[in-house]
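Student: Give me a model of this one.
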Amino acid sequence: MPVQIITNAAQSKLVRDKLTKWETTTSISQRQKDCVVDLATWSSIDEAIDLPSSDLISVKEAQDQSTTINNAQQFYEWFHSVERGMESDQESEYRDYINSLKDHHGRCNSVLDGISKALNHLKLLGNQYRTVSHTTEALHDSCELLMQDQQDLEQLGTSIAQQLVYFTEHDRIGTKLNSSAISVMGEAFVPMLIKIDECVEFMKDHPDYKESAVYLAKYQQCLVRALTLLRSYIVNAIRSTAAAAISALPGSGIVVPGDPAFAQLYSKFQSQGPRIKALMEQIEDRSEKNSEYLQVMQDCYTCYCYQRQAVILPIINQEVERLYKLHDKDYCTFIRTSCMALIRICEDEYSLYHCFFSRSDLILQGLLESLSSQLYDYFRPMIIQQVQRFDLLADICSVLKNDIFDDHVNAKGECLEAFGHLALQMLEDAQERLSYRTQAYIQSDITNFQPSAGDLAYPSKLSEDLSNQYAMWYPTVRRSLICLSKLYRCTNRSVFESLAQECLAACIDSLRTATLSIVEKSSLLDSQLFLIKHLLIIREQIAPFDVNFTVNEVSLDFTNLKIAASGLITNKNRILSLSSNNALLEFLFQGAPQLTKKVLDSKKDVDINLKEACTDFITTAATMLSSPIHAFLATVETSTTSPSMEQCRNVVSETTQRISSKLPGIKKSMHLYLANPDTEAILFRPIRGQILTQFGNLRKVIDNMEEEDKFIINCPSPEQLTMTLAYS
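Tutor: Now for the predicted structure:
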């Protein structure tokens, strides 16, 4: 029967009933039954689930169709069609996606095919590019090589052209040098000189070049020619300037430094200086590298100095002679003024020289020395023949050393170097002469001094009212100290120390000789105080001298020679002996004189003599005051019996009376000679000590006596003696 599929619940129930009836008539499996149930369920769904629009359309289409199922075969077909429809509805989205993927796959394959073709084209292009690139690089390298070759050829051409100039320049230079219109002062002369030097240097640096020796000789000839022109111009300019300066002098020819005429001797030269100096700088700069330039430079220096000497030397002679006559017998003033005049001239000549030349040279020093030597020609005969007094020589040395050297020569350096050599020679000559005259002065005026009665009138001479304290000094002391003070200012240390030692030794000997005369005319005490006074003066006056007053004296000791000679005479029989005991050999070896060294210290000698004089005075004064005690104690020591009270009383009485009578005189003499309370107190202190010692020894003898005897003797106590002997 016909079955119509509907979608409501009644239809579902009808389907189930028909299926149940159909199951009884048709044998189907359980699975088939379940499928039928499911199919019915699905067919009854209206809006229970949300199906895709395509599924809903398929179901509606199926519902719209009326299918009659008469048998199982039809059912299966219908079911299969429904199933396919459902599957188709369910898989449509996936099929669409698969179709889309297939479409994309096809497109990708098309793209891949395009890419493969593009890669093939690119590969082909790459191969073509590499071929073109290799070809281009080869072409570039070839071009660079050609350009480098071109550059090398250009450089070679330039180098050849540059070096060829040194060969082609000769003709141009030779033409200029042989031209009568060439001028040393022209603008082209110095560049030409520079070019000649460059060409000569080039030929010397490239001796392997063809004909370089020939061109070197040619350029050297050009250089000689150019330097000859240069030297001739400079020499002629200097000579003409010197001639003009000499012709401008007054008719008398007498010019004094400072006059306008004397100033013209410099102004005329100064006007030529800048032009000549510009040329000389070219010569001086090359003189160290080229002997030709050096010779030209020396010739120009020599010409200048010779011309300047011819101009200025007569004027210096006139000036020195004028000053010598003006300051006749005033030697120090003559030396000072003449040295100052020469110093000013040397400074002016030094400045003028550097107006012409940039370098100092020995020739300049020779010029300045020749100018300065004019004074030396007057100086040496003067100090040898005319100046005999050592004090004048000392003043001359002082002027040269202090006024000239220290104030000018040492302060102004190079410009007075030549004059300094002359001044040093003058100073050394004066010092040598001073040393000789000082020794003669020491011998004549100190060692061989013969004092007058007035010179030995001590102590009366000290009592005179003299305004000059030096007049109270013994003449040899005064002369020695004046001599030392003058020598110290103008001699070097070693010379001064040697002369000072000799002078002080002679002075001390003269003082000791004078003391012997004073002893005869006055007293021993006066002679000792006289010696102490003058030794103190000497020590005080030589203290400021910053020297050691020591001299190393070297002498030969011939003592061994005397002994050896005596042995030679004794052993005459062994003179010709061939053994080691030959007397002649012994004499030669043993008789050699011995070199001995002795240090003489003048200051130490003064201290030693002063100490001895003080000791003698102290002993003499103490003996004068305490001689009775000294004699008494000597007697007691030799006697076997004890002294009596009367003897002791007489000794004490006599000694105290002697102290009372003689002590004021001793103090007065000390004050008169020494005139210094501190020195007097120091010198009197040991005198008092010896007297106290004598009384102390006497007191030991008296202490053994009775108290009554001690009272009668009345020996003063130490306190009483100290008060009595106090120096005030």
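Student: The helix or strand harbouring residue 526: which residues count as buried?
Tutor: In the assignment (DSSP states H and E), residue 526 maps to helix 524-542. Within helix 524-542, the residues that qualify as buried by neighbour count (16 or more other Cβ atoms under 10 Å) are 524-538, 541-542. Heads up, the C-betas are built off the backbone N, CA and C, glycines and all.
Student: repeat for stretch 71-84
Tutor: For stretch 71-84, the neighbour count (16+ other Cβ under 10 Å) marks 75, 78, 79, 82 as buried.
Student: now the strands for the stretch 451-600 of the chain?
Tutor: Ranges of strands in the stretch 451-600 of the chain, per DSSP state E, counting those that start in this stretch, are 550-557, 594-601.
Student: just checking, what packs against the helix or strand in which residue 191 is found?
Tutor: Of the helices and strands defined by DSSP H and E, residue 191 is found in helix 189-205. Identification of packing neighbours for helix 189-205 by 3 or more Cβ pairs under 8 Å, 6 or more residues apart in numbering; DSSP states H and E yields helix 72-177, helix 212-247, helix 260-286.
Student: C-terminal to the last one, what's the next element?
Tutor: In this case it means helix 260-286. Later in the chain than helix 260-286, the nearest helix or strand by DSSP H and E is helix 291-326.
Student: That next one - contacts with which helices or strands?
Tutor: In this structure, helix 291-326 packs against helix 212-247, helix 260-286, helix 331-356, helix 362-381, with contacts taken as 3+ Cβ pairs under 8 Å, 6+ apart.
Student: got a markdown table for the ones you listed, with distance to residue 478 and mean pLDDT too?
Tutor: Conversion of the helices and strands packed on helix 291-326 to a markdown table gives the following (distance: least, Cβ to Cβ, whole Å; pLDDT from 0 to 100):
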| stretch | distance to residue 478 | mean pLDDT |
| --- | --- | --- |
| helix 212-247 | 56 | 87 |
| helix 260-286 | 48 | 85 |
| helix 331-356 | 22 | 89 |
| helix 362-381 | 30 | 85 |
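Student: Using a markdown table, lay out those together with mean neighbour count and distance to residue 480.
Tutor: Conversion of the helices and strands packed on helix 291-326 to a markdown table gives the following (neighbours: other Cβ atoms under 10 Å; distance: least, Cβ to Cβ, whole Å):
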| stretch | mean neighbour count | distance to residue 480 |
| --- | --- | --- |
| helix 212-247 | 17 | 55 |
| helix 260-286 | 16 | 48 |
| helix 331-356 | 19 | 23 |
| helix 362-381 | 19 | 29 |
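Student: Just put those helices in a markdown table and tack on distance to residue 172.
Tutor: As requested, those are exported to a markdown table (distance: least, Cβ to Cβ, whole Å):
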| stretch | distance to residue 172 |
| --- | --- |
| helix 212-247 | 10 |
| helix 260-286 | 20 |
| helix 331-356 | 31 |
| helix 362-381 | 36 |
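Student: Any idea which of those gets closest to residue 450?
Tutor: Using Cβ to Cβ as the criterion, the shortest distance between residue 450 and the helices and strands packed on helix 291-326 is 29.5 Å, found for helix 331-356.
Student: picking that back up, confidence-wise, which of the strands of the stretch 451-600 of the chain is weakest overall?
Tutor: Among these, strand 550-557 carries the lowest mean pLDDT, at a mean of 54.
Student: what's the weakest-modelled helix or strand in the protein?
Tutor: Per-element confidence for the chain was summarised using mean pLDDT, DSSP states H and E. The lowest value among helices and strands belongs to helix 53-64, with a mean of 46.
Student: give the contact list for residue 196.
Tutor: Taking Cβ atoms under 8 Å, 6 or more residues apart in numbering as the criterion, residue 196 is in contact with 173, 219, 222, 223, 226.
Student: swap the cut-off to 10 Å and go again
Tutor: 169-170, 173, 177, 219-227 (Cβ atoms under 10 Å, 6 or more residues apart in numbering).
Student: Residue 218 is in contact with residue 203, isn't it?
Tutor: Yes - applying Cβ atoms under 10 Å, one finds residue 218 in contact with residue 203, separated by 9.0 Å.
Student: what is in contact with the two at once?
Tutor: By Cβ under 10 Å, 6+ apart, the residues touching both residue 218 and residue 203 are 167, 211.
Student: Tell me which of the helices and strands packed on helix 291-326 lies nearest to residue 461.
Tutor: Using Cβ to Cβ as the criterion, the shortest distance between residue 461 and the helices and strands packed on helix 291-326 is 33.8 Å, found for helix 331-356.
Student: In terms of secondary structure, what does the closest one contact?
Tutor: Under the contact criterion of 3 or more Cβ pairs under 10 Å, 6 or more residues apart in numbering; DSSP states H and E, helix 331-356 touches helix 212-247, helix 260-286, helix 291-326, helix 362-381, helix 390-398, helix 410-412, helix 417-441.
Student: Distance from the fourth one to the middle of the chain?
Tutor: Once both centres are worked out by Cα atoms, centre = their mean, to the nearest Å, helix 362-381 turns out to sit 33 Å from its chain's centre.
Student: what angle do that helix and helix 390-398 make?
Tutor: Relative orientation of helix 362-381 and helix 390-398, computed by axes from the mean of the first three to the mean of the last three Cα atoms, to 10 degrees: 170 degrees.
Student: Counting by contacts, list what helix 362-381 packs against.
Tutor: When contacts are defined as 3+ Cβ pairs under 10 Å, 6+ apart, helix 362-381 sits against helix 291-326, helix 331-356, helix 417-441.
Student: any idea how far residue 361 is from residue 110?
Tutor: Between residue 110 and residue 361 the distance, using Cβ to Cβ, to the nearest Å, works out to 105 Å.
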